[in-house]
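Asks: Let's see this in three dimensions:
(chains A and B)
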Amino acid sequence: MASEKEVKLLDFWVSPFGVRTRIALEEKEVEYEYKEEKNLNLGEKSELLLKSNPVHKKIPVLIHHDKPICESLIIVQYIDEVFPSKTPILPSDPYARALARFWADFVDKKISQYALRVWKLKKGEELEETKKELVENLRTLEAELGEKKYFGGEDFGLVDIAFVPFTSWFYSFQAFDLLSVEDEFPKLAAWGKRCIERKSVAKSLSEPKKLYEFLSARRKVLGVE
Amino acid sequence: MSKSNVVLLDHWVSPYAMRVRIALWEKGVDFESKQQDLSNKSELLLRSNPIYKKAPVLLHDDKPLCESLIIVGYIDEVWPSPPLLPSSSYERATARFWADFIDKKFAEAATKLWRSARSTEELEAAKKEFFETLKQLEEFLGEKDYFGGENFGLVDLALIPFWSWFSAYEKFGGFKIESPKLYAWMQRCMERESVAKALPAQEKVLEFVCTLRKILGFDQ
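Replies: The predicted structure follows:
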């Protein structure tokens, strides 16, 4: 088990990418120091963040033995390799691993950009387009889940970790009258509830109502409401 | 391994397909290349990659794999020798980071140069972005022979295909790429049989891009 000083996480509580890394660390029962970039939404970045991620200047950054690792899915795979446990995040079969990476990448390419934009758009064509893309891609994702317990089958894994942080946003999507995941994607909603039964997920997810308050305030500033 | 076990739904000019060809040849894997007509997509392509409908797709014993870096990762795991990724977990994460950088930042900036910049301002912005990413890559390369250090690896493989597109970037970007460090690295990579075989001549790529731009409505 890593001592607290060995592992640090630079993060911002709103970030679904940060939540991914927190879940992975919790899954492996790694003790770590959580460092919040408190004023990230005001555009302020700490010295440590700028030094640790000079290329993208973004959170999350995992710092292990003073060495930084960036990009959430890369961090999660690093955590899986360095802290082995009874619950591997990636399967052992190469083809299953490739499929897991493909679908985690799909969440990044086809879900996150729309999910993280749809709430800040004023009524109009761009909002409709963004909603359409999000809904279409959620449909694809739900089809991939099918009747499985988790995306990886019986075992919670990379794709679940990649997507579950976005479940915190479902409450806001509904409250902002954008999308009801419960109604339109019942399988995804049920999967979300199964995931939250895991300690690692329950501990790490951004609290939906708190997130809603944060996003509401941002919407006012942006003139969306 | 029989040739038909490994089939690549291929496209001669795609840097992403070149990556897969390089990886397979580096590992000495026999494969069948099926050139795809992306303007008239085959049943096989659409069935194998229903999400993105793009090449490259690797079919290994009929099981499809999509997205070039994921395919390369798979190839590296199934045929471990010679390794494309380093053995230390930290160095592996670093390699994956820079391969991802090439996809997210470099390739996107490069594509803007010939494909989407329609005004002078857009082109200037695209050029700035392109040179910024090139500078970051140069910095990471440093004095090393390869991005991976002493050995050709994932990051080298991820970037080198774009060398075949440099004439096109220079022509439509309206600049000359002056980087002795990168140039030396590219020459080093081109000495590898896998790379020399995989990359089409720059003139052929330029011709292709010129034709494509006319179809897209540039350069009337």
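Asks: which residues in chain A form helices?
Replies: Shown for chain A, the helices assigned by DSSP state H span residues A:16-27, A:47-52, A:72-82, A:94-106, A:113-118, A:125-145, A:158-163, A:170-175, A:181-184, A:186-196, A:199-204, A:208-222.
Asks: Mind checking those helices for the one nearest to residue B:156?
Replies: helix A:72-82 (18.0 Å; Cβ to Cβ). The way it works is simple: take the backbone N, C-alpha and C, and place the C-beta from them, glycine included.
Asks: any idea how far chain B is from residue A:24?
Replies: 13 Å (Cβ to the nearest Cβ, to the nearest Å).
Asks: So which of the helices of chain A is nearest residue B:59?
Replies: Residue B:59 lies closest to helix A:94-106 among the helices of chain A, at 11.6 Å (Cβ to Cβ).
Asks: Which elements pack onto the closest one?
Replies: helix A:72-82, helix A:125-145, helix A:158-163, strand B:63-66, helix B:68-78 (3 or more Cβ pairs under 8 Å, 6 or more residues apart in numbering or on different chains; DSSP states H and E).
Asks: touching chain B at all, the first one?
Replies: Yes: residues of helix A:72-82 contacting chain B under Cβ under 8 Å from any Cβ of the partner chain: A:74-75, A:77-78, A:81-82.
Asks: shaky segments in the chain?
Replies: By default, I'm working from chain A. Residue ranges of chain A with pLDDT under 70: A:1-5.
Asks: hm, I was asking about chain B
Replies: Using pLDDT under 70, chain B drops low at B:1-4, B:220.
Asks: Surely residue B:189 touches residue B:153?
Replies: No: taking contacts as Cβ atoms under 8 Å, residue B:189 lies outside contact range of residue B:153: 10.9 Å.
Asks: any residues in contact with both of the two?
Replies: Shared contacts of residue B:189 and residue B:153, defined by Cβ atoms under 8 Å, 6 or more residues apart in numbering or on different chains, are found at residue B:146.
Asks: what sits opposite residue A:34 in the beta ladder?
Replies: Beta-bridge partners of residue A:34, counted by DSSP bridges, are residue A:9.
Asks: which ones are touching it?
Replies: Each residue near residue A:34 by Cβ under 8 Å, 6+ apart is listed here: A:8-9, A:11, A:22.
Asks: burial of the residue nearest to residue A:17 when sequence neighbours are not counted, as a residue count?
Replies: Nearest non-adjacent residue to residue A:17, counting by Cβ to Cβ, 6 or more residues apart in numbering or on different chains: residue A:72, 3.9 Å away. Applying other Cβ atoms under 10 Å in any protein chain shown, we find 27 residues neighbouring residue A:72.
Asks: Tell me who's in contact with residue A:72.
Replies: A:17-18, A:20-21, A:60 are the contacts of residue A:72 under Cβ under 8 Å, 6+ apart.
Asks: Would you mind listing what in chain B touches chain A?
Replies: Counting by Cβ under 8 Å from any Cβ, the residues of chain B close to chain A are B:51, B:60, B:63, B:65-67, B:70-71, B:73-74, B:77-78, B:89-90, B:92-94, B:96-97, B:100-101, B:136.
Asks: hmm, which of the residues you listed are the buried ones?
Replies: By neighbour count, with 16 or more other Cβ atoms under 10 Å in any protein chain shown, the residues of chain B next to chain A hold B:60, B:65-67, B:70-71, B:73-74, B:77, B:89-90, B:92-94, B:96-97, B:100-101, B:136 as buried.
Asks: Which residues belonging to stretch A:142-161 are considered buried?
Replies: Going by neighbour count (16+ other Cβ under 10 Å), the buried part of stretch A:142-161 is A:142, A:145, A:150-152, A:156-161.
Asks: Let me have these in TSV, extended by distance to chain B.
Replies: Listed next are those as TSV, based on distance: Cβ to the nearest Cβ, whole Å:
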residue	distance to chain B
A:142	14
A:145	14
A:150	20
A:151	15
A:152	16
A:156	21
A:157	15
A:158	12
A:159	13
A:160	18
A:161	16
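Asks: Name the nearest of those relative to residue A:93.
Replies: Closest to residue A:93, out of all of the buried residues of stretch A:142-161 and judged by Cβ to Cβ, is residue A:152, at 11.0 Å.
Asks: now the closest one: how far from residue A:92?
Replies: From residue A:152 across to residue A:92, the span is 12 Å (Cβ to Cβ, to the nearest Å).
Asks: what does the helix ranked longest in chain B rub up against?
Replies: Longest helix of chain B, by residue count under DSSP H: helix B:120-141. Here helix B:120-141 makes contact (Cβ under 8 Å, 6+ apart) with A:55, B:98, B:101-102, B:105-106, B:109-110, B:112-113, B:116-117, B:147, B:159, B:169, B:173-175, B:177, B:179, B:181-182, B:185.
Asks: Would you mind writing the PyMOL command to select the buried ones in the residues you listed?
Replies: Buried members of the contacts of helix B:120-141, defined by 16+ other Cβ under 10 Å, are picked up in PyMOL with:
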select buried, chain B and resi 98+101+102+105+106+109+110+112+113+117+147+159+169+173+182+185
